[in-house]
Every structure is written in structure tokens, then in C-alpha cells.
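In: Pasting the sequence and the predicted model now:
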Amino acid sequence: MEIGQLYQGLTFLAYATGIIVILVGIMLVKVLFDLSKLTSNINETTNIVKEELVPTLKNVNKSVEIVSGVIIKADEGVNKVKEFIANSPLKILSKLSTIGGTVAKGFFGGLCAGLKAFGKKK
């Protein structure tokens with residue numbers, strides 16, 4: 001009787017293993033199908049991005065050229081203004097503020113020293 005139960009258990013194990021192998025095979029086929037679909041979608045997406053990216057990069061390059069030209073012209077204008085100020089009497093006026101600040105500082109320093117000297121109580 002024990003041998004019969006043993007054969008019955010082994011038969012059940014063989015059927016269960018067969019069913020599991022079939023289920024795993026079906027799942028593997030499904031995974032491969034989904035993977036194939038995913039790769040085709042990725043290929044389509046890369047083609048779309050490639051087609052849209054080329055004109056966008058051309059527009060960006062044109063914009064960079066325009067901005068670069070504007071920056072160069074502005075830099076030339078700033079250099080011309082600097083040269084004009086360096087060669088004009090305005091240069092003296094710009095130095096007057098530093099000279100005036102030094103003179104004012106000395107004047108107020110002397111005034112404070114004089115007030116302190118006369119304001120001392122004996």
C-alpha cells in the first residue's frame with residue numbers, strides 16, 4: 001500500500017511540475033512579446049525626437065549667434081564710452097569726487113580736533 005501512495009505522490013508531482021513549466025513558458029512568451037513591443041515603441045520615440053531635435057538645435061544656434069552679436073556690439077559700445085571718458089575732461093571730474101572726499105575728511109577731522117581742543121574743561 002505504501003508503494004501505491006508513493007506512485008500516486010510521484011504522479012501528482014509530475015503533473016504539478018508540467019503545469020508549472022507550462023505556466024512559466026506562457027509567462028516567458030508574454031514577457032518577450034511585451035519586450036518586443038517596448039523596443040518598437042522606443043525606436044519610434046527616438047525617431048520622433050531625432051526629427052524634432054534637429055530644427056530645435058538649428059534655432060538655438062541662430063539664437064546664440066544673434067545674442068553673441070549683440071554682446072559684441074554692446075562691448076564695443078562700452079569700450080568706446082570708456083575711451084571717450086578717458087580722453088575727455090570728464091576724467092578730471094571723476095577724480096574730483098575722490099579729491100573732494102579727501103579734502104572734506106581732512107576739513108571735518110580738523111574741525112572736530114579744534115572743537116575738542118577748545119571744548120576741554122579745565
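Out: It's in. Numbers count the residues shown, from 1 in each chain.

In: secondary structure class for the most centrally placed residue in the chain?
Out: The centre of the chain sits closest to V60, judged by Cα atoms, centre = their mean, with a distance of 16.3 Å. State at V60, reduced to three classes by DSSP: H, G, I helix; E, B strand; the rest coil: helix.

In: quick one: pLDDT of it?
Out: Looking at V60, its pLDDT reads 91.

In: Can you list the low-confidence ranges for the chain?
Out: By pLDDT under 70, the low-scoring segments of the chain are 1, 88-101, 103, 120-122.

In: what about M27, which helix or strand?
Out: Element membership for M27, per DSSP states H and E: helix 2-87.

In: And that helix, what does it pack against?
Out: Contact here means 3 or more Cβ pairs under 8 Å, 6 or more residues apart in numbering; DSSP states H and E; on that basis helix 2-87 packs against no helix or strand. For glycine as for every other residue, the C-beta is placed from the backbone atoms N, C-alpha and C.

In: tell me how far it is from the chain's mean position?
Out: Centroid separation for helix 2-87 versus its chain: 20 Å, with Cα atoms, centre = their mean, to the nearest Å.

In: measure T39 to L32 for me?
Out: With the distance defined as Cβ to Cβ, to the nearest Å, T39 ends up 11 Å from L32.

In: Next: I85.
Out: Between I85 and L32 the distance, using Cβ to Cβ, works out to 76 Å.

In: These two: which is more packed in?
Out: I85 (13 against 10; other Cβ atoms under 10 Å).

In: Contacts only, for M27.
Out: Shown in contact with M27 (Cβ atoms under 8 Å, 6 or more residues apart in numbering): no residues.

In: Could you measure from it over to Q8?
Out: In terms of Cβ to Cβ, M27 sits 29 Å off from Q8.

In: do F107 as well
Out: F107 is 119 Å from Q8, where distance means Cβ to Cβ.

In: How about K30?
Out: From K30 over to Q8 (counting by Cβ to Cβ), the distance is 33 Å.

In: and what of K105?
Out: 112 Å.

In: Same question for V70.
Out: Separation of V70 from Q8 (Cβ to Cβ): 90 Å.
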